[in-house]
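Novice: sharing a sequence plus its predicted fold:
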Amino acid sequence: MGLFKKILPLREQAAVQDRWLKTRLDRIVPELLERENIDMWIVICREYNEDPVLMSLLPATSMSARRRTILVFARTENAVERLTLSRYGYEGFYDSVWNPDEEDQFACLARIVRERDPERIGINHSNTFAFGDGISHTEFRLVGEALGEGYAARLVSAEKLCVGWLERRSAEEITAYPRLVETGRQIIASAFSTAVIHPSVTTTDDVVWWMRETMAEAGLNAWFQPTIDIQAPGQTYQDTENPRRTILPGDLLHCDMGFHYLGLATDQQQHAYVLRAGETDAPPGLRAALADGNRLQDIHLEEMQVGRSGNEVLSAALERAKNEGIRPQIYTHPLGVHGHAAGPLVGLWDRQDGVPGVGDYPLYDDTVYSIELNVTKSIPEWDGQDARIMLEEDAALTGGAMRWLDGRQESFHLIG
């Protein structure tokens, strides 16, 4: 369809992703190894039990770990060696150092470690971050046995290295990201139009599956099932049992959708209003609620500062919003290789007092976030019934400041 003329063919997508990967391996890995004071990083896993970090380290045509894959990053005086101890190599990305006809795989790993004699060997285990906890129990045991007691004593958690690698975006990725978000906004705009929605006929499930089909036809991979829900007089955001699903005039619609493209994820939520006969806009009360949502976004972005923890951002933003008479919730998450990605959580919908561990992690520059939040407001035109405005737009933290990747919703999509 014309909407997606600029979605690249798969071959060209792979070329772009591989170009980005080489840049990231050359620039980001050495910086992070130095930042975390790790001399060697070992990433190891077996086929179909992949470490969450692994696929982001492999070229785009790689589909799995292929038997057992071992990657080793070793700091030298002037560079970082990138080695693979795998039956199938990754030419141009890693130097292959294992000959399976001559040496056992773990014996090779032990030799590589002895030859380089690293003081701190990073391995992917973590109590806090799933992204840094990718080594299985068996692989951890086998690595320890292969290295022997002396070198096994040098193993340290590489959790912050894993998170740093996954959360950091290259300049090229940040430049490309707005196009992804623009595509998501185009899908939402089409879904929230009379091309898709016929009031009194179309159901929320119809729109959900239209979104899924549209993404699939365009070559975009949804990373979760989209949702469409209705608020209206007599049906609140809290009505989760047997809610009305047929879309009617006067409804406030809400969507949540996201996809992967070029190895990066989007995540967006917007609202539409279904016009009643004679209406040309949503009721003033709903427009005021959306304005509150936009104001909360402004406050939130101002508090997103490099070096602050997610919990510090959450506390400061909520306090400011409440002082302005807004009824807020904030549950922002990092965005990137994954949808709910590596980095600091800024609240959860059920943890507005902060998130221990993951919320204590600091914000770094050159990262991307899904700014996810809501406000609740009494609507005079609905006899004082509360409406909840749930917004989610994607933004980057670059040069020490937050900026929207492709704007935000400041007025309702109007249907009718």
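Specialist: It's in.
Novice: can we go C-alpha only for contacts and neighbour counts from here?
Specialist: Will do.
Novice: longest helix in this structure, by number of residues?
Specialist: helix 10-35 (DSSP state H).
Novice: now the residue nearest to Glu167 when sequence neighbours are not counted: how far from Ala15?
Specialist: Among residues not flanking Glu167 along the chain, Ala342 sits closest, at 5.4 Å (CA to CA, 6 or more residues apart in numbering). The gap separating Ala342 from Ala15 is 25 Å, by CA to CA, to the nearest Å.
Novice: if we can go back for a sec, so for the longest helix of the chain, mean pLDDT?
Specialist: Helix 10-35 comes out with an average pLDDT of 97.
Novice: out of Ala342 and Ala15, which sits in the more crowded spot?
Specialist: When Ala342 and Ala15 are compared for neighbours, Ala342 comes out ahead with 26 against 15, by other CA atoms under 10 Å.
Novice: is it true that that one lies in a helix?
Specialist: No. Assignment of Ala342 by DSSP: H, G, I helix; E, B strand; the rest coil gives coil, placing it outside any helix.
Novice: residue contacts, it?
Specialist: Neighbour list for Ala342: 129, 131, 163-164, 166-167, 334-336 [criterion: CA atoms under 8 Å, 6 or more residues apart in numbering].
Novice: now tabulate those residues in TSV and tack on secondary structure, pLDDT and neighbour count.
Specialist: Shown next, in TSV, are the contacts of Ala342 (DSSP: H, G, I helix; E, B strand; the rest coil; pLDDT from 0 to 100; neighbours: other CA atoms under 10 Å):
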residue	secondary structure	pLDDT	neighbour count
Phe129	coil	97	19
Phe131	helix	97	22
Val163	helix	98	21
Gly164	helix	98	23
Leu166	helix	98	24
Glu167	helix	98	25
Pro334	strand	98	25
Leu335	strand	98	26
Gly336	coil	98	25
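Novice: return the closest of those residues with respect to Leu314.
Specialist: Distances from Leu314 to the contacts of Ala342, taken as CA to CA, are shortest for Pro334 (13.8 Å).
Novice: domain ranges for this structure?
Specialist: The chain breaks down by automatic domain parsing into domains covering 2-165, 170-415.
Novice: right, so those: which one is the most enclosed?
Specialist: domain 170-415 (a mean of 19; mean count of other CA atoms under 10 Å).
Novice: quick check: end-to-end length of it?
Specialist: End to end - CA to CA - domain 170-415 spans 39 Å.
Novice: now that domain, how far from the chain's geometric center?
Specialist: In terms of CA atoms, centre = their mean, to the nearest Å, the centre of domain 170-415 is set 14 Å apart from its chain centre.
Novice: go on, stretch 104-117?
Specialist: 35 Å.
Novice: please apply the same query to stretch 157-177.
Specialist: So, by CA atoms, centre = their mean, the centroid of stretch 157-177 is 11 Å from its chain's centroid.
Novice: now do the end-to-end distance for that stretch.
Specialist: 31 Å.
Novice: what does that stretch contact?
Specialist: Here stretch 157-177 has contacts from 20, 23-24, 28-29, 32-33, 36, 38, 41, 53, 56, 122-126, 129, 131-133, 264, 334-337, 341-343, 365-368, 396, 405, using CA under 8 Å, 6+ apart.
Novice: strands of the stretch 1-150 of the chain, start to end?
Specialist: Per DSSP state E, counting those that start in this stretch, the stretch 1-150 of the chain carries strands over the ranges 40-46, 68-75, 80-84, 95-96, 121-123.
Novice: the stretch 251-400 of the chain too?
Specialist: Under DSSP E, counting those that start in this stretch, the stretch 251-400 of the chain gives strands at 252-257, 259-261, 264-265, 268-274, 328-330, 333-335, 367-378, 386-398.
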